[in-house]
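[1] From the sequence below, what's the structure:
(one chain, ligands or ions: 1)
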Amino acid sequence: MTTEKWYPFVKLPLSAEQFRQLPQHPSYEYEYVDGEAWLTARPKTYHALLDLEAREPAASVRGFGREEITVRPLDRDEWPYLRPLFAGAFQSVPPFSLITDDERLVAANQCLEKTRTGGDGPLISDACFVARCKSDEGEQRLGAIIITLMQDGDLESCDDLTWTEQAAVDAIAKGWGRPHLTWIFTDYWNARHGVGTALLDHAVNALLKIDYTDLASTFLLGNESSTLWHWRNGFRLMSNPGSPRAIERGITAKESEESVESS
Ligand SMILES: CC(C)(COP(=O)(O)OP(=O)(O)OC[C@H]1O[C@@H](n2cnc3c(N)ncnc32)[C@H](O)[C@@H]1OP(=O)(O)O)[C@@H](O)C(=O)NCCC(=O)NCCS
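    Numbers count the residues shown, from 1 in each chain. Okay, here's the model as predicted:
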């Protein structure tokens with residue numbers, strides 16, 4: 001998922017003292033230039049991995065208004081309902097929190113269309129779900145989980161695991177690649193009621209049925225609700241390829257390879 005284009009570059013006229021007091025978000029780099037704060041987007045993402053084991057979805061999930069929530073497969077007809085849900089869910093998550101309501105709807109549409117049409121890798125439709133409940137206005141959507149197939153590979157390396165060429169049409173049937181949690185989002189007013197976890201429970205069980213054994217995910221440093229949710233649900237944080245220890249490991253591995261070759 002590429003959301004970088006939605007990060008605005010921000011310039012603020014500030015005194016040096018005000019700049020020092022400015023709260024900082026990890027997605028941005030902060031510089032003080034000629035009486036102005038310059039905020040440049042540098043979003044940092046981390047990978048996490050969940051080893052799949054059968055899960056028992058909660059017998060009953062109830063939203064903020066105590067309504068019963070059900071989890072259903074994400075059928076083709078459901079996609080149009082996801083756009084406002086996505087825009088609302090991400091309203092306090094950068095970069096979507098930094099743009100206007102109208103722009104957020106456009107961004108939601110672009111992100112979802114890209115995913116729906118295979119731009120984030122083939123959609124694993126069997127493992128995509130939507131949470132719904134009945135309301136006075138009819139059926140309401142309260143969350144969705146969208147799983148795509150990424151290239152298999154080392155999540156702790158700098159390798160780009162997006163598909164460089166179109167993935168084979170039968171990649172999922174052949175069990176190639178690795179499932180990736182591309183989007184999970186729940187209705188803003190119904191967050192922390194177990195909806196995200198219920199969606200994950202269904203996705204995990206569905207992936208096991210088609211013989212996948214793990215699920216990768218990527219989260220943005222500074223998105224606490226996402227980070228905590230992944231942690232709470234058993235995802236393991238992968239080492240960041242840019243960390244000094246990871247670089248050290250890479251150098252050691254290369255040196256030992258070279259010494260084997262030369263002996
Ligand atoms: C992240 C998200 C999907 C979680 O779904 P949810 O239905 O709110 O989460 P659940 O009720 O299943 O799980 C709750 C657990 O997640 C963690 N959590 C989620 N949001 C949290 C928050 N705002 N503050 C603290 N912990 C939070 C906690 O560990 C919590 O457990 P607890 O209630 O026992 O403390 C939802 O908050 C959301 O849509 N966020 C915005 C979109 C987003 O960032 N998506 C992830 C990247 S694609």
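
[2] OK, now which residue of the protein is nearest to the ligand?
    Gly196 (2.4 Å; Cβ to the nearest ligand atom). All C-beta atoms are positioned from the backbone trio N, CA, C, and that covers glycine.

[3] Now do the contacts for that residue.
    Under the criterion of Cβ atoms under 8 Å, 6 or more residues apart in numbering, the contact partners of Gly196 comprise Gly143, Ile145, Ile184, Phe185, Thr186, Trp229.

[4] Please verify my assumption that Phe9 contacts Leu39.
    Yes: counting by Cβ atoms under 8 Å, Phe9 touches Leu39, with 7.0 Å between them.

[5] Which one's more surrounded, the two?
    Taking Phe9 and Leu39 together and counting by other Cβ atoms under 10 Å, Leu39 has the greater number of neighbours (21 against 9).

[6] Leaving aside the residues adjacent along the chain, what's closest to that one?
    Among residues not flanking Leu39 along the chain, Val10 sits closest, at 3.9 Å (Cβ to Cβ, 6 or more residues apart in numbering).

[7] Which of the contacts of Gly196 fall within strands?
    For those, membership in strands holds for Gly143, Ile145, Ile184, Phe185, Thr186, with DSSP state E as the criterion.

[8] Do I have it right that the last one meets Phe90?
    No: taking Cβ under 8 Å as the definition, Thr186 is not a contact partner of Phe90, at 10.6 Å.

[9] who's more crowded, those two?
    Counted by other Cβ under 10 Å, Thr186 and Phe90 do not tie: Thr186 has more neighbours, with 28 against 21.

[10] got a list of what the closest residue to Glu78 other than its chain neighbours touches?
    Counting by Cβ to Cβ, 6+ apart, Glu78 lies nearest to Val130, which is 5.0 Å off, once chain neighbours are set aside. With contact taken as Cβ under 8 Å, 6+ apart, Val130 is in contact with Val71, Arg72, Pro73, Leu74, Glu78, Tyr81, Leu82, Arg141, Gly143, Ala144, Leu199.

[11] Now those residues in a markdown table, please, with extra columns for distance to the ligand, secondary structure and pLDDT.
    As requested, those are arranged in a markdown table below (distance: Cβ to the nearest ligand atom, whole Å; DSSP: H, G, I helix; E, B strand; the rest coil; pLDDT from 0 to 100):
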| residue | distance to the ligand | secondary structure | pLDDT |
| --- | --- | --- | --- |
| Val71 | 12 | strand | 96 |
| Arg72 | 16 | strand | 96 |
| Pro73 | 18 | strand | 97 |
| Leu74 | 15 | coil | 98 |
| Glu78 | 17 | helix | 96 |
| Tyr81 | 15 | helix | 96 |
| Leu82 | 12 | helix | 98 |
| Arg141 | 12 | strand | 95 |
| Gly143 | 6 | strand | 97 |
| Ala144 | 9 | strand | 98 |
| Leu199 | 8 | helix | 98 |
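
[12] Drop anything exposed from the residues you listed.
    Neighbour counting over the contacts of Val130 (16 or more other Cβ atoms under 10 Å) leaves Val71, Leu74, Glu78, Leu82, Arg141, Gly143, Ala144, Leu199 as the buried ones.

[13] So the last one is in contact with Ala131, correct?
    Yes: the criterion here is Cβ under 8 Å, and Leu199 meets it with Ala131 at 5.8 Å.

[14] And the strands in the stretch 1-150 of the chain?
    Taking DSSP state E, counting those that start in this stretch to define them, one finds strands in the stretch 1-150 of the chain at 10-13, 28-33, 36-41, 45-51, 61-62, 68-73, 129-135, 138-150.

[15] between those strands, which gets nearest to Val260?
    Proximity to Val260, assessed across the strands of the stretch 1-150 of the chain by Cβ to Cβ, is greatest for strand 45-51 (28.9 Å).
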